[in-house]
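Asker: Fold the following, please.
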Amino acid sequence: MTKKQSPISDSLEFNKNEDQFRQLLNKLQTRRKKIQSGGGEKKIEEQHARGKLTARERIAYLIDPSTEFLEIGLFAADGMYEEYGGCPSAGVVTGIGQVSGRLCVIVANDATVKAGAWFPMTAKKNLRAQEIAMENRLPVIYLVDSAGVFLPLQDEIFPDRDHFGRQFRNNAVLSSMGVVQIAAIMGNCVAGGAYLPIMSDEAMIVDKTGTIFLAGSYLVKAAIGEEIDNETLGGATTHCEISGVTDNKFPDDKSCLDYIRSIMDKIGEPTLAGFNRATPKPPKKLIEEIAGLLPADRGKPYDMMEIIERLVDDSAFDEYKALYGKTIICGWARIDGWAVGIVANQRKVVKTKKGEMQMGGVIYSDSADKAARFIMNCNQRKIPIVFIQDVSGFMVGSKAEHGGIIKDGAKMVNAVANSTVPKFTIIVGNSYGAGNYAMCGKAYDPRLIVAWPTAQIAVMSGNSAAKTLLQIRVNAEKAKGKTLSPEDEARLLEEITERYNTQLSPYYAAARLWIDDIITPAETRRVISTGIAAANHAPVERFNVGVIQV
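Answerer: Below you'll find the model as predicted:
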C-alpha cells in the first residue's frame, strides 16, 4: 500500500501535522550533518595531509561492509563550551558496530576537534560507552588520538567520581568481567590517557603518527631538563622495540584497523541471554504516517495504538488488560523479529467502566498497577521491554490521593527499577516529572534511551513552569515592597518561557547525554533491534522485586 492509497493521510489535520513534523526532521538532518563534520573541512584536510584518517573514516573502514554504525551521543556537548569555540560531539565518536561479525562498542577520538582533547562531556560520553559495554558484555575497541585533558576545564574533568579517571577504573572492571578490550594508538596519547590503551588486552600503534607517553618532550625538559623529541620519547619504534609497552606497530591507519578485524575474527562466542527472535516482518501500517499522526499542537489527544502499530512487525500487538488502566497501553509484539513487551502512554481521552473520563498522557492508579504487573510478567518470561513515553505525569488532586496514587505509582517505579530484562526508552512527546521516572527515564538504566524531534523533557510543561516561576518572582518583588506592572510581568513571562523552552528541547537533553540520540520514527526499529542484539550478549539475572505497598 502506498501513501496515496492510505485514507488516513487524506485529512487536513494529518497534512498540517505532517508539514510541521517534516520541518523538525529537516532541522535534525541539518544539525546532524554539521556535527558530523567535526572540526571542519580544514582540520579534516590536516588529518589527511598527515596520512591519517578521521575518526568517522576509521570507524567506517573498521566495521563490516553493508552494516550500519549505531552512534551514541552524536549531539553530546552541542551548544556547550562556545567560549572555547565549541566541542562538536564532545570530540569523540562512540557507538555500536559490527566488526568481523561481532557487535562491539567503538570509541574513537576526533582529533579534528581541539586535537581530541578531553572536555567534561568527553569524559561523560566515554563513560557512557563503557557502561554500554559492561551492561551488554560487548567487546570494546578504542581508537586513540587525543591531546589529553582540556586544561582550562581541568577542575571539571579530573578529580571527581565520574570524571576522567573513572575510565581507567572501568578498564580494569571490564577486564575482570572477561570483556575483550582492544586499543589502537593512532595519534597522540598523553599523560593519564596513556593508561587506557595499555590497560586493554592488546595495544597497537601506528608508526610516525602514534605516540604515547606520560609527559611530552616540552614537559620533560621543564621537569628534568632532558632534551628529547616526541618520536624518540614515545613513538612506535620506542614502545614496540625498547619498552615493550605496545604489542605491534603498523605503517598506516588501514593496516592497523585490518589487524583489529583479524583479532575480532578469532575471539570465542559469547554466552547469550537467549531472547526470542523470529523472522522479521515490516509493519503493515506505514511508518511514514507517524509524521501526520502526531499532533502539531502537543496538547491535542491522539491514539498511541496507531503509533505502536507502525513500529511493530506485521502491525500485530497482543494487548494486556485492554479494558483496565487505559491511560497506559501494555502488550507484546515483535520488533525486527525480537519479542518485546511494550509499555506506552495512551494519549487519547479514555472512558472507564464507571463512566469516568481520564486524560490522555496522565498515569492513574489503575494504569500504574497494570504496568507494574506487566513489567513483572516480562521479567518472568525473559522478554525485553520497550517504553514509549508521552507522559504528563501522575494524576493529582484529592480523588487521586485518596485512591492511593502514590502507593500505585511507587509500585510501578519499583518494578521498573528492579527489572532485570533489558529496557529501551523512546520519548516521542512529553516526558514530564515523575512520569519520566515511571516510564524508565535515564535514571532507571535503560540500555538505550532516544527521543524523536517532538520530545520535551522537564519537570513540567513550559507553560506551567513559566507561570509558576513568574508567580515566584512576583511574590519576591512584593516582599520587597515592589509591584510589577502588567507590562513588566508580560516581559518577564516571555523571558522565562523562552529560557525554559530551550531547556525542554531534545537537543538540550542530548547535549548533556540525558538521552543517547535524537532519531526519526523510521530509525526506531533499527535502534531497538540493535539494542536487543547487543543485550543478548549478556545473561539476564533473576528478577527480585522490592517491598510493594499493595
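Asker: Quick check: closest non-adjacent residue to Gly433.
Answerer: Excluding the flanking residues, the one nearest Gly433 by C-beta to C-beta, 6 or more residues apart in numbering is Gly393, at 4.0 Å. (C-beta placed from N, C-alpha, C; glycine too.)
Asker: pLDDT wise, what is that neighbour at?
Answerer: We have a pLDDT of 90 for Gly393.
Asker: cool, Leu469 as well?
Answerer: Reading off the model, Leu469 has pLDDT 76.
Asker: Distance of the residue nearest to Gly433 relative to Gly409?
Answerer: 10 Å (C-beta to C-beta, to the nearest Å).
Asker: Check the contact between Ser89 and Tyr81; I expect there is one.
Answerer: No - counting by C-beta atoms under 8 Å, Ser89 stays clear of Tyr81, with 11.8 Å between them.
Asker: that older thread, spit out the contact partners of the residue nearest to Gly433.
Answerer: Contacts here follow C-beta atoms under 8 Å, 6 or more residues apart in numbering; on that basis Gly393 touches Val362, Ile363, Tyr432, Gly433, Ala434, Gly435, Met460.
Asker: Now do the strands in the stretch 1-150 of the chain.
Answerer: Applying DSSP state E, counting those that start in this stretch to the stretch 1-150 of the chain gives strands spanning 70-72, 92-99, 102-109, 140-146.
Asker: Which strands and helices lie in contact with whichever helix or strand comes after the last one?
Answerer: Downstream of strand 140-146, the first helix or strand assigned by DSSP states H and E is helix 166-176. Packing partners of helix 166-176 (3 or more C-beta pairs under 8 Å, 6 or more residues apart in numbering; DSSP states H and E): helix 120-136, strand 181-190, helix 195-198.
Asker: Of all the ones you listed, which one is nearest Asp516?
Answerer: The closest of those to Asp516 is helix 120-136. By C-beta to C-beta, the value is 7.5 Å.
Asker: The closest one - what's its average pLDDT?
Answerer: So the average pLDDT for helix 120-136 ends up being 97.
Asker: quick check, Thr425 in a strand?
Answerer: Yes - Thr425 sits within a strand when classified using DSSP: H, G, I helix; E, B strand; the rest coil.
Asker: pretty sure it is in contact with Val450, am I right?
Answerer: Yes - assessed by C-beta under 8 Å, Thr425 is found in contact with Val450 at 7.5 Å.
Asker: Only alpha carbons, please: show the helix or strand containing Arg491 as PDB.
Answerer: Applying DSSP H and E as the criterion places Arg491 in helix 486-504. Only the C-alpha atoms of helix 486-504 are listed here, as PDB (Å, rounded to 0.1, in the frame of the first residue of the first chain):
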ATOM      1  CA  PRO A 486       1.400  44.300  33.700                       C
ATOM      2  CA  GLU A 487       3.900  45.100  31.100                       C
ATOM      3  CA  ASP A 488       6.800  44.000  33.300                       C
ATOM      4  CA  GLU A 489       5.000  40.800  34.100                       C
ATOM      5  CA  ALA A 490       4.400  40.100  30.400                       C
ATOM      6  CA  ARG A 491       8.000  40.800  29.600                       C
ATOM      7  CA  LEU A 492       9.200  38.500  32.400                       C
ATOM      8  CA  LEU A 493       6.900  35.800  31.400                       C
ATOM      9  CA  GLU A 494       8.200  35.900  27.800                       C
ATOM     10  CA  GLU A 495      11.800  35.700  29.000                       C
ATOM     11  CA  ILE A 496      11.100  32.900  31.400                       C
ATOM     12  CA  THR A 497       9.200  30.900  28.800                       C
ATOM     13  CA  GLU A 498      11.900  31.300  26.200                       C
ATOM     14  CA  ARG A 499      14.600  30.100  28.600                       C
ATOM     15  CA  TYR A 500      12.500  27.200  29.900                       C
ATOM     16  CA  ASN A 501      11.500  26.100  26.400                       C
ATOM     17  CA  THR A 502      15.200  26.000  25.400                       C
ATOM     18  CA  GLN A 503      15.700  23.500  28.300                       C
ATOM     19  CA  LEU A 504      12.700  21.500  27.200                       C
END
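Asker: so what secondary structure elements neighbour that helix?
Answerer: Against helix 486-504 (3+ C-beta pairs under 8 Å, 6+ apart) you get strand 456-458, helix 462-479.
Asker: Redo these as CSV? Include mean neighbour count.
Answerer: Listed next are the helices and strands packed on helix 486-504 as CSV, based on neighbours: other C-beta atoms under 10 Å:
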stretch, mean neighbour count
strand 456-458, 21
helix 462-479, 14
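Asker: Out of these, name the one with the poorest average pLDDT.
Answerer: helix 462-479 (a mean of 75).
Asker: list residues touching both of Gly393 and Gly409?
Answerer: Joint contacts of Gly393 and Gly409 (C-beta under 8 Å, 6+ apart) are Ile363, Ala434.
Asker: Next up, the contacts around the nearest residue to Ala117 once chain neighbours are set aside.
Answerer: What sits nearest to Ala117 in space, not counting adjacent residues and going by C-beta to C-beta, 6+ apart, is Phe150, at 4.2 Å. Contacts of Phe150 were listed using C-beta under 8 Å, 6+ apart, and they are Tyr84, Lys114, Ala117, Trp118, Phe119, Thr122, Ile157.
Asker: Show me which of those is closest to Leu286.
Answerer: Looking across the contacts of Phe150 and measuring by C-beta to C-beta, the closest to Leu286 is Thr122, at 39.8 Å.
Asker: how about Thr94, what does it touch?
Answerer: Taking C-beta under 8 Å, 6+ apart, one finds Glu71, Ile72, Gly73, Val105, Ile106, Val107, Ala108, Lys125, Asn126, Arg128, Ala129 in contact with Thr94.
Asker: Repeat that for Thr237.
Answerer: Residues near Thr237 by C-beta under 8 Å, 6+ apart: Asp207, Glu231, Lys249.
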